[in-house]
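Undergrad: What shape does this take:
(2 chains)
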Amino acid sequence: MQADRRRLNGPTSGTAPPVFATPPNWKVQRPTRSRKPDEHRKIFLRTGIVPSASGSAYYEIPPQTPSQQDELLIPQSSSLKVTCTVHGPRPLPRNAAFSPNLLLTTHVKFAPFATRNRRGYVRDASERDLGVHLETALRGVIIGERWPKSGCEVVITVLEGEEDAWWGDAGNEQDGGKAGGWALVDAGIDCVDMVSGGVAAVVQQGSADEKMDRDVVLIDPTPSEHYGIKAACVVGYLQSRDEVTEMWMKGDAGTDTEALVEGAVRAASLARTVLAEAIKEAVELRSDESHDNAHANGSAKAEKTKQKDVVMTG
Amino acid sequence: MAPYTGIPLSPAELSYLHTSLSQHPPIRPDARSPTAFRPLIAETDILPAANGSARICFADGTEAIVGVKAEVEKTPSASSHSINSHSINGEVADEGVRGLGSGGVRDVEDDGMDVDGGEDGKQSSKGRDEWLEVAIDIPGMRDDDALPVFLSAMLTEALLADGALKDKLYINTRFHWRLYIDILLLSLPLSYPLPLLSLTTHLALLATRLPALVSEKDEDPLFNDDWEASTHLYPPTKDETARQKPPITLLVMSVGENILFDPSREELAVADAVVAISVTQSHTNTTGPDADADADADSPNPLHLIALRTIDPPSRLTAAGLPNSLNTSAGAGAGAASQSLSSVEVAVTREKDQGVSVWRPPRGGVKRAVLARMIKMVVQAGGVGEEVLGGLRGVEI
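TA: Sure, this is the predicted structure:
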């Protein structure tokens, strides 16, 4: 008799499903924060990565703590990877209405693979909302009236989002707005200052079995590391003017509101040091290239400077 | 994102408005005091087919209707088994899809509440963010335009922030209410419609009633079909000040050092910064006295800040004025001389003017001190927040 070729038949004797052995009293450990409350994670930042855009940046927070010995398939903490490109300023299309200022449009998009849950290709409400936040933060920085009748697009793609809840799956959008500032400066648009982003949160200290008694203000919180985040605050901060272009606060911070804002501003000024250094690097690289195009040592020198770590100082 | 781009005001008018608003005390176009609100007309329970509804009409002609509808829905089984366990817990797949509104803070907060709930975790974090749906319809705008998206995110965020509302939607482990809040702006968005929509939503939620439950525990829910017996989502109390209330969102703007509430369209056009501040009354349990004991001394229900967002002021879209020294039609720089000004010189002259002699759209952000003062003015005892809530108390529900 002819064998059935149209389907893949299982073995005649049957199989047992694989069972993954777990230690009997194994408990999933929530990652813990090993940094000090006022310590920011390290940032990797490089500008000028997309040649076709007039300004671009890549921003990454690499995973800080190597995963422990109780290895799981799924990483306990994720890193944040964001790219940002700026297109423009360029003239508005002919049929557009007259605008005396630079028209800024912002797009924030999570890559479909950015979070544990797949995101669609069409921007959803949260991404649009984030785009508005980003726009608010940037609109205050650029000097729009110097660019009449022109438009500028800022596109942020989140390649890898930060986990929001432990084992949860919503991406942490709060850091998303950060990278915008860097690329914008790279594009050579007139700005009053460099904007930098910072996040802080009021977190209840204590673990599951303790009584939650005190609230601590942390800068640059990692959502997966904390049980109870009571309130979080994102700011876009202009350090040299000591002004806030964007503030977004959620949750009830009670009496800690001021401290929370203070923390977020501190985080922003820490991030700014890295930003300033990255821009300086990019400018050096550019001037090197223009100076001695014949000498090949330009790139080598750039490589050397890239390796240097910047210490964040507030 | 701007609510409207065509501000029909010339640089001279903008400069005039800005100057008068930066006086001490500020002189507002309609002669209000900085904290005064425009009069409004409000009524509730206008839609017979909705669980709760409200309509507010502002003096400038903007009007909004909010209808609240509730549906019983089966809770996905993922959350029915052991919500409290901290292992791979009830964070089902679509958590946080609605975004920031349902993003991290509160999800994590749930865990925290489990913890201090203690004996029975289900008592404290039974609600889920996605049980609440806010839809905003603004005439002339698409659903996915920035303004409606931003407004609904802002309102959702405020409603969910304290976790009180979503917990009220819990029926039993298998069923819950799903609340649809449909906000309809009837007029064109003349001024920034956020406070209007927020206050209307507030009233509609206060008027919302759900059928009384007659079934017990985890049975399939069965409701009393007598509407008279229905229960309020926010049950009224004898002392109206102690009643638990949905949050309100207020629009605050600053011009220089001055802080103005309920800005009109013209005022927004010269704002240095616009901030939306959501406040709510702190939780008071039905056992009132002991809740009062740990609250602040002077006021029984102090207001709490639960959300804050800066809003891109429309003033940044306005056109800058031209200083007289550059204006050829005003006779300055007579012909040949002005021709010789290079673009750099023009830019320098404009920059030096710094918005002193002519209007220039504001740059930069807002000082932290001003922000802190705004928050304080809303939240403090006897502040604007209490005043607004007090005013809304007069609306018959």
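Undergrad: so what's B:Glu396 up against?
TA: B:Glu43, B:Thr44 (CB atoms under 8 Å, 6 or more residues apart in numbering or on different chains). C-beta here means a position set from N, CA and C on the backbone, and glycine is covered the same way.
Undergrad: Do you know the pLDDT at residue 27?
TA: In the absence of a named chain, chain A is used. A:Lys27 is assigned 66 on the pLDDT scale.
Undergrad: not what I meant, chain B
TA: 92.
Undergrad: Just give me the neighbour total for the closest residue to it other than its chain neighbours.
TA: Spatial nearest neighbour of B:Ile27, excluding adjacent residues (CB to CB, 6 or more residues apart in numbering or on different chains): B:Ser20 at 4.3 Å. Neighbour count of B:Ser20, defined by other CB atoms under 10 Å in any protein chain shown: 14.
Undergrad: Then B:Met377?
TA: B:Met377 has 18 neighbours, counted by other CB under 10 Å.
Undergrad: wait, doesn't it sit right on B:Thr35?
TA: Yes. B:Met377 lies in contact with B:Thr35 (CB atoms under 8 Å); the separation is 7.2 Å.
Undergrad: Quick check: neighbours shared by these two?
TA: Taking CB under 8 Å, 6+ apart as the criterion, B:Met377 and B:Thr35 both touch B:Phe261, B:Val384.
Undergrad: Could you name the helices and strands sitting against the helix or strand hosting B:Val66?
TA: Taking DSSP states H and E as the definition, one finds B:Val66 inside strand B:63-74. Applying 3 or more CB pairs under 8 Å, 6 or more residues apart in numbering or on different chains; DSSP states H and E, one finds that strand B:63-74 makes contact with strand B:52-58, strand B:175-185, helix B:194-207.
Undergrad: what are the pairing partners of it, and which direction each?
TA: strand B:52-58 (antiparallel), strand B:175-185 (antiparallel) (DSSP bridges).
Undergrad: can you put the ones you listed in TSV and add distance to A:Arg33?
TA: Listed next are the strands paired with strand B:63-74 as TSV, based on distance: least, CB to CB, whole Å:
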stretch	distance to A:Arg33
strand B:52-58	43
strand B:175-185	34
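Undergrad: Pick the most buried one from those strands.
TA: Mean neighbour counts were compared across the strands paired with strand B:63-74 using mean count of other CB atoms under 10 Å in any protein chain shown; the top stretch is strand B:52-58, at a mean of 24.
Undergrad: for that strand, what is the average pLDDT?
TA: For strand B:52-58, the mean per-residue pLDDT is 92.
Undergrad: cool, stretch B:345-353 as well?
TA: Confidence over stretch B:345-353 (mean pLDDT, whole number) is 76.
Undergrad: Say whether chain A is contacted by that stretch.
TA: Yes. Using CB under 8 Å from any CB of the partner chain, stretch B:345-353 reaches chain A at B:Ala347.
Undergrad: By mean pLDDT, flag the weakest helix or strand of chain B.
TA: When the helices and strands of chain B are scored by mean pLDDT, DSSP states H and E, helix B:104-117 comes last with a mean of 34.
Undergrad: what does the strand holding B:Val66 contact?
TA: B:46-47, B:50-57, B:131, B:169, B:171, B:174-187, B:193, B:196-197, B:200-201, B:203-205, B:207-208, B:210, B:221.
Undergrad: Residue ranges in the stretch 1-150 of chain B under the pLDDT threshold?
TA: B:1-6, B:77-125 (pLDDT under 70).
Undergrad: returning to what we had before: tell me what angle the strand holding B:Val66 forms with helix B:194-207.
TA: 50 degrees (axes from the mean of the first three to the mean of the last three CA atoms, to 10 degrees).
Undergrad: who touches B:Tyr170 in this structure?
TA: Going by CB under 8 Å, 6+ apart, B:Tyr170 touches B:Lys126, B:Gly127, B:His176, B:Trp177.
Undergrad: give me that answer again for 7 Å
TA: B:Lys126, B:Gly127, B:His176 (CB atoms under 7 Å, 6 or more residues apart in numbering or on different chains).
Undergrad: Need phi/psi at residue 145.
TA: Since no chain was named, I'll use chain A. phi -70, psi -10 (degrees, to the nearest 10).
Undergrad: not quite, I wanted chain B
TA: As for B:Asp145, its main-chain torsions (degrees, to the nearest 10) stand at phi -70, psi 160.
Undergrad: Leaving out chain neighbours, which residue sits closest to it?
TA: With sequence-adjacent residues excluded and distances taken as CB to CB, 6+ apart, B:Asp145 is closest to B:Ile138, at 7.8 Å.
Undergrad: how many other residues sit next to the residue of the stretch 1-150 of chain A found nearest chain B?
TA: Closest residue of the stretch 1-150 of chain A to chain B, CB to the nearest CB: A:Ser126 (2.2 Å). The local packing of A:Ser126 (other CB under 10 Å) involves 25 other residues.
Undergrad: next one: the one 5 residues further on
TA: Residues near A:Gly131, counting by other CB under 10 Å, number 25.
Undergrad: hang on, it is in a helix, isn't it?
TA: Yes. A:Gly131 sits within a helix when classified using DSSP: H, G, I helix; E, B strand; the rest coil.
Undergrad: and the spatially closest residue to B:Leu308 that is not a sequence neighbour, what helix or strand is that in?
TA: Nearest residue to B:Leu308 in three dimensions, chain neighbours excluded: A:Met249, at 4.1 Å (CB to CB, 6+ apart). Using DSSP H and E, A:Met249 falls within strand A:243-251.
Undergrad: Quick one: list the elements packing against that strand.
TA: Using 3 or more CB pairs under 7 Å, 6 or more residues apart in numbering or on different chains; DSSP states H and E, the elements in contact with strand A:243-251 are helix A:125-139, strand A:228-238, helix B:104-117, helix B:146-161, strand B:303-311, strand B:366-367, helix B:368-379.
Undergrad: For chain A, give me the ranges with low pLDDT.
TA: Residue ranges of chain A with pLDDT under 70: A:1-4, A:26-32, A:64-78, A:162-215, A:222-228, A:290-314.
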